[in-house]
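Q: Need the 3D shape of this:
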Amino acid sequence: MSDLVVKSAVKEHLEGNNVAADFYDGLNEEVAELLEDAARRAEANERKTVQPRDL
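A: This is a model prediction of the structure:
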């Protein structure tokens, strides 16, 4: 699986906190699941375009 999150952006957003190396793996898995769910919802509504409401 490719990386779906930008580590530097995560570190910047969590400024003042340390980030464990394996945190990114877990976050990447969560994002992948979120995207898959959104795609399924779009398909269920007979759309090819994933929209914010699919989240």
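
Q: can you list the weak-confidence ranges in the chain?
A: Low-confidence segments of the chain, defined by pLDDT under 70: 1.

Q: what's the longest helix in it?
A: In the chain, taking DSSP state H as the definition, the longest helix is helix 23-44.

Q: Could you name the helices and strands sitting against that helix?
A: Applying 3 or more C-beta pairs under 8 Å, 6 or more residues apart in numbering; DSSP states H and E, we find helix 23-44 packed against helix 7-13. Every residue, glycine included, has its C-beta placed from N, CA and C.

Q: Just the residues contacting the helix it packs on, thanks.
A: Applying C-beta atoms under 8 Å, 6 or more residues apart in numbering, the external contacts of helix 7-13 come out as 19, 23-24, 27.

Q: Tell me which residue of this structure is furthest from the middle?
A: Most distant residue from the mean C-alpha position of the chain: E46, 22.7 Å away (C-alpha atoms, centre = their mean).

Q: Please identify the helix or strand for that one.
A: Assigned by DSSP states H and E, E46 belongs to neither a helix nor a strand.
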